[in-house]
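give me a model of this one.
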Amino acid sequence: MSLIKCPECGKEISDKAESCPHCGLPSKHFANPGMRDQKIELGIKKVWQSITKLTLADNPEKLMDITVNFDPKEFRNALISFDRDYETLFSAHEYINTNGITSFKSYYGKYFELLQNELIFQYLITNAVTLQIDEMGINRFYNKMQHITQEVEQFNNLYIDKKLIELKDYFDHIMYDIDAGIKLDEEQRRAVIIDDNHCLVVAGAGAGKTTTMAAKVKYLVEKQQVDPHDIIVISYTNKAVNELKDRINKNLKIPAKISTFHAFAFDVVRKANENSPDINISSYNIIDDMLVNLIFDNKKLMRNLVLFMGYYFDLPEDIFNFKSLNEYHLYKSAIDYETLKSGLGEYVLKVSTQRGRSNRTITGEFLRSMQEVQIANFLYLNGIDYVYEKPYPSPMLRSKKKYTPDFFISQDKNEAYLEHYGLTESLKSFVFTPQQIARYQKSISDKRSLHKKNETKLIETWSFYNDKRPLIDHLHEILVKNGFIMKPRDSRYPRAKLVVLHNSSFACPESWRH
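Take a look at the predicted model:
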């Protein structure tokens, strides 16, 4: 027998007594508080072990990790801290940036992911009393976490709207020191106010991107109290950098650092070394050595390089001679594309060049779009023969021109015509007018009818798919579905041209050319 203190009157009594002789408190309340908490925690642990066993049978490994490491006590504390942190997140009179919401989701996300399992959610609700968890707190936590992204977006939009009104006069005159006639429009003002980790401004030439950048720097310094020496403005060209220096450093008198990417990188390297770095004039040899020693004999890596060049590398050699991105796009829209098949010099084909130019004899073939180049290169690299725009044997009804499907493809006795449409899979377009789309759709219908009438196989691909997967993925699937077998070629090709624009080439070592 040992003596304990009565929880009610505090006097010492026997732990074997049926009730306190002083105040009459029943013995069931005599248990030592510490022992009582241990028993409760032990009961909670057993309850959670049963949840885990029920859950692990049919849930993924990621959920397994969460359930095995789950601590009900930690979860209770998280529910309590969540209400406080949630209120703090939305009570601050400032923009909620990506870092803030990511940190918040990182801590509470694991519990939200746990509750998304219906079995666990229902078990926690049912056993809330045993687990000492607030049932209303669970529901409140789940609902708020489920909509937190939308709540943050709405909060930020309201914040921007409020700042637009509050700082209207400020924004009306923000560029006064540069040009009294410049006034930012609403989109520019929103771009300046947004205080996220990343902000992408997309606009055409002359739309005011440089002005927006200058205004952003001024706003950060004057309204956000950012030290100008903590700001760095980086651009692509010396011309753009000089313009930014005139506006920000000279006119606005803000000593922020402004430089090109190359100058910034050079400055970083120079500060990390005692001696100023030298320009390596043998860089091309280094690349050649890398290609020969590390890539050429690695078939998988070599094939990936060829595929990359074949599908995506389409920059001309004189890319930096263009004065603007708009000028380059105009140039790009008016040229033809060359495929791997022609670039490797396998045959000489006489074609009539597009857009009204005169006939000429060329080494290879020229296609109308980069997506057609991707298709042609995929066919070539996978051992499927094709002829570009081979005339169809039968004329199309109500058409004055001879019908030439985009590709005639063949493999042994398997033959098909492949049409690549400039519309999306939903028969829409981002560039055509409604009238042009209607004509295009009618053309597709006529082609389908012609192939059905003549019992020729027609394969169709689209410029954009509803599932957002790449064109090449869909092309591979539809070819296999139509009986074509992928027979990848050896990636070590006999000539330097992989896939480039006309007159553009990819340099390679002499050893590749034999």
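
switch to C-alpha atoms for all contacts and neighbour counts from now on
Will do.

how many other residues sit next to I178?
16 (other Cα atoms under 10 Å).

begin at 45, not 1, for the rest of this chat.
Got it, first residue is 45 now, which makes that one I222.

what sits against it?
Residues near I222 by Cα atoms under 8 Å, 6 or more residues apart in numbering: R291, N295, L296.

pretty sure L228 belongs to a helix, no?
No - if the criterion is DSSP: H, G, I helix; E, B strand; the rest coil, then L228 is coil and not within a helix.

number of nearby residues for N458?
When counting by other Cα under 10 Å, one arrives at 12 neighbours for N458.

next up, phi/psi of it, please.
Dihedral pair for N458: phi -90, psi 120, per degrees, to the nearest 10.

touching, it and V524? I think so.
No - checked against Cα atoms under 8 Å, the pair N458 and V524 is beyond contact range at 11.6 Å.

now do the buried residues in stretch 331-350.
Going by neighbour count (16 or more other Cα atoms under 10 Å), the buried part of stretch 331-350 is L335, V336, I339, F340, M346, R347, L349, V350.

out of those residues, which is nearest to Q485?
Of all these, Q485 sits closest to V350, with 35.0 Å by Cα to Cα.

by mean pLDDT, which helix or strand of this protein comes out lowest?
strand 403-406 (a mean of 24; mean pLDDT, DSSP states H and E).

which segments of the protein make up each domain?
With automatic domain parsing serving as the domain definition, the record reports that the chain contains domains spanning 78-199, 211-315, 334-557.

now those domains in TSV, with distance to I57?
Shown next, in TSV, are the domains of the chain (distance: least, Cα to Cα, whole Å):
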stretch	distance to I57
domain 78-199	17
domain 211-315	65
domain 334-557	75
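
now stretch 254-270: average pLDDT?
The pLDDT scores in stretch 254-270 average 93.

can you say which of the domains of the chain is nearest to I48?
If you check each of those against I48 by Cα to Cα, domain 78-199 wins as the nearest, at 12.7 Å.

circling back to that earlier point, which ones among the buried residues of stretch 331-350 map onto strands?
When DSSP state E is applied, those are split such that none fall in strands.

grab the most central residue of this structure for me.
Nearest to the mean C-alpha position of the chain, counting by Cα atoms, centre = their mean, stands K512 at 12.0 Å.

how near is that residue to E463?
Applying Cα to Cα, to the nearest Å, the value for K512 to E463 is 19 Å.

V431 too?
Separation of V431 from E463 (Cα to Cα) stands at 12 Å.

can you check D178 too?
In terms of Cα to Cα, D178 sits 61 Å off from E463.

likewise for Y424?
On the measure of Cα to Cα, Y424 and E463 end up 17 Å apart.

which stretches of the stretch 245-394 of the chain have low pLDDT?
320-328, 351, 353-394 (pLDDT under 70).

low-confidence ranges in this structure?
Where the chain drops to pLDDT under 70, the residues are 45-47, 51-52, 59-60, 71-114, 320-328, 351, 353-412, 534-558.

which residues of it fall in strands?
According to DSSP E, the strands that the chain contains are 47-49, 56-58, 276-279, 301-304, 381-382, 393-396, 403-406, 410-411, 429-432, 451-455, 458-468, 502-508.

sheet partners, orientation included, of the longest one?
In this case it means strand 458-468. Strand pairing for strand 458-468, using DSSP bridges, gives strand 451-455 (antiparallel), strand 502-508 (parallel).

any idea how far the longest one is from the chain center?
The chain centroid and the centroid of strand 502-508 are separated by 24 Å, computed with Cα atoms, centre = their mean, to the nearest Å.

got the buried residues for it?
Under 16+ other Cα under 10 Å, the buried positions of strand 502-508 are L502, I503, T505, W506, S507, F508.

taking those residues together, which two end up most distant?
Using Cα to Cα, the pair of the buried residues of strand 502-508 lying farthest apart is L502 and F508, separated by 18.6 Å.

so which bits of stretch 437-452 are buried?
Going by neighbour count (16+ other Cα under 10 Å), the buried part of stretch 437-452 is M440, Y447, T448, P449, D450, F451, F452.

repeat for stretch 465-481
Neighbour counts over stretch 465-481 (16+ other Cα under 10 Å) mark Y465, G466, L467, E469, L471, K472, S473, I481 as buried.

try stretch 294-309
Buried-residue list, stretch 294-309, by 16+ other Cα under 10 Å: L296, I298, P299, A300, K301, I302, S303, T304, F308.

could the strands of the chain go into CSV alongside distance to K486?
Formatted as CSV, those follow (distance: least, Cα to Cα, whole Å):
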stretch, distance to K486
strand 47-49, 93
strand 56-58, 97
strand 276-279, 46
strand 301-304, 50
strand 381-382, 27
strand 393-396, 26
strand 403-406, 30
strand 410-411, 23
strand 429-432, 23
strand 451-455, 20
strand 458-468, 12
strand 502-508, 15
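
please identify which of the ones you listed is closest to Q190.
Closest approach to Q190 among these is made by strand 502-508 (31.1 Å; Cα to Cα).

mind exporting that closest one as CSV, just the C-alpha atoms?
Extracted in CSV, the C-alpha atoms of strand 502-508 (Å, rounded to 0.1, in the frame of the first residue of the first chain):
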residue,chain,number,x,y,z
LEU,A,502,-5.6,8.3,-93.6
ILE,A,503,-3.6,9.2,-90.4
GLU,A,504,-4.3,12.6,-88.8
THR,A,505,-2.2,14.7,-86.4
TRP,A,506,-3.0,18.1,-84.8
SER,A,507,-1.0,21.2,-83.9
PHE,A,508,-2.2,20.9,-80.3
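
run a quick neighbour tally on I204.
Counted with other Cα under 10 Å, residues neighbouring I204 total 21.

show me how far stretch 115-134 is from its chain's centre.
What separates the centre of stretch 115-134 from the centre of its chain is 31 Å, taken as Cα atoms, centre = their mean.
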